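In: For reference, the sequence and a predicted model appear below.
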Amino acid sequence: MATNAGHLPKSQCLLFTSSLVLFCLFNSCLAFRHKHLNLSTRALHWSSAGATWYGSPDGAGSDGGACGYGNLVSQAPFSSLVTGIGPSLYKSGKECGACYQIKCTKHPSCSRRPVRVVITDFCPGGMCLSDSAHFDLSGTAFGAMAIPGQEDRLRDAGVLQIRFARVACDYSGKNIAFHVDLGSNPNYFAAVIEFEEGDGDLNRVDLQQASGEPDEWWEMNQSWGAVWQLNPGSELHPPFSIRLTSQYSGQTLVAKHVIPKGWQPGRTYRSVVNYL
């Protein structure tokens, strides 16, 4: 029997409808995952890396390191559980503040339990350069992978093969803070951006001054490490709002008027926003 154009037999219609529903559901799921992609919900993906340690056995590696965090590295929430990283993961400083789970399994003193560490420094040569991925850990972080009481024995190994996985940061409820660089002045502004939780590795930072239009934002440049700067060529008028864009989810936060009138170089100004 002939079929009218534009109409399908019932069995084919049901098949087409089912396929269409599956297609829509599949693409909706893809859109959902893309829109809400973040490290808090992503499954862990473990890879192999080399690991060494530097500084004092119970220290934070170095005083601040290449990311610009200064003596914060030894204080909570970093608490000396920090690492320098080779070029493959440092990415010219864009991964400053990124968090990883690390664990060792091959040495007799390894606890096999994961430890969360934060990138605060850069390791430019030696095994950090030759390994596909390398963590140059603080003495504290290296020892944290050990069975309790065997920290020194593990540190005596000097070099380990470890497993690592990128994870969301958790700074125990701290909000994002801005430590104003000492070189800042009315015509130039730079700050270390601290404590981005969750998927908050920054892809873009923008500044809005008080005298600007509501939709006028100045794009800041990553100066080095976790330091972002703006050199507009003219005087800036506080208070400043700072807009932060995550490189993972694309989520945008605005720290409204976080840098007040009368701001001073060397001071830290805390926002009321974060990515978790």
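Out: In hand now; what should we look at?

In: From one end of stretch 246-263 to the other, what's the distance?
Out: Terminal residues of stretch 246-263 are spaced 26 Å apart (Cα to Cα, to the nearest Å).

In: Not counting sequence-adjacent ones, nearest residue to residue 233?
Out: Leaving aside its sequence neighbours, residue 233 sits nearest to residue 187 (Cβ to Cβ, 6 or more residues apart in numbering; 7.4 Å). Using the backbone N, CA and C atoms, a C-beta is placed for each residue, glycine as well.

In: so who does that neighbour touch?
Out: 231-236 (Cβ atoms under 8 Å, 6 or more residues apart in numbering).

In: List just the nearest of those to residue 78.
Out: For these, the residue nearest residue 78 by Cβ to Cβ is residue 231; the value is 29.2 Å.

In: correct me, but the closest one touches residue 186?
Out: No - with contact defined as Cβ atoms under 8 Å, residue 231 does not reach residue 186; the gap is 11.8 Å.

In: the more surrounded of these two?
Out: Counted by other Cβ atoms under 10 Å, residue 231 and residue 186 do not tie: residue 231 has more neighbours, with 14 against 11.

In: show me what contacts the more buried one?
Out: Contacts of residue 231 (Cβ under 8 Å, 6+ apart): 187-188.

In: now it: how far from residue 201?
Out: Residue 231 sits 24 Å away from residue 201, going by Cβ to Cβ, to the nearest Å.

In: Now residue 237. Nearest residue, chain neighbours left out?
Out: Nearest non-adjacent residue to residue 237, counting by Cβ to Cβ, 6+ apart: residue 211, 4.2 Å away.

In: Neighbours of that neighbour, how many?
Out: Taking other Cβ under 10 Å as the criterion, the count of residues near residue 211 is 10.

In: let's have the chain start at 59 instead
Out: Shifting the count to begin at 59 puts that one at residue 269.

In: can you tell me the helix or strand for it?
Out: Here residue 269, judged by DSSP states H and E, is contained in no helix and no strand.

In: Residue 296 is in contact with that one, correct?
Out: No - taking Cβ under 8 Å as the definition, residue 269 is not a contact partner of residue 296, at 9.5 Å.

In: Now do the helices in this structure.
Out: In the chain, the segments counted as helices under DSSP state H are 68-93, 145-148, 185-188, 197-201, 209-215.

In: tell me the domain ranges of the chain?
Out: Domain segmentation of the chain under the TED database yields 105-224, 235-328.

In: ranking these by burial, who's on top?
Out: domain 105-224 (a mean of 19; mean count of other Cβ atoms under 10 Å).

In: ends of that one, how far apart?
Out: Termini of domain 105-224 sit 9 Å apart (Cα to Cα).

In: Could you pull up the contacting residues of residue 228?
Out: With Cβ under 8 Å, 6+ apart, residue 228 has these contacts: 157, 174, 255-256, 334.

In: Please identify which pair of those residues lies farthest apart.
Out: The widest separation within the contacts of residue 228 (Cβ to Cβ) is 14.3 Å, between 174 and 334.

In: Where among the helices of the chain is average confidence lowest?
Out: Here the lowest mean pLDDT among those goes to helix 68-93, at a mean of 38.

In: hey, which helix or strand in the chain has the poorest pLDDT?
Out: helix 68-93 (a mean of 38; mean pLDDT, DSSP states H and E).

In: all strands of the stretch 159-308 of the chain, in order?
Out: Using DSSP state E, counting those that start in this stretch, the strands of the stretch 159-308 of the chain run over residues 173-180, 192-196, 218-225, 235-238, 247-252, 260-266, 276-277, 279-282, 285-288, 298-304.

In: Nearest to residue 102 among those strands would be which one?
Out: Comparing those by Cβ to Cβ, strand 218-225 comes nearest, at 4.3 Å.

In: From residue 184, how far out is residue 243?
Out: For residue 243, the distance to residue 184 - Cβ to Cβ - is 39 Å.
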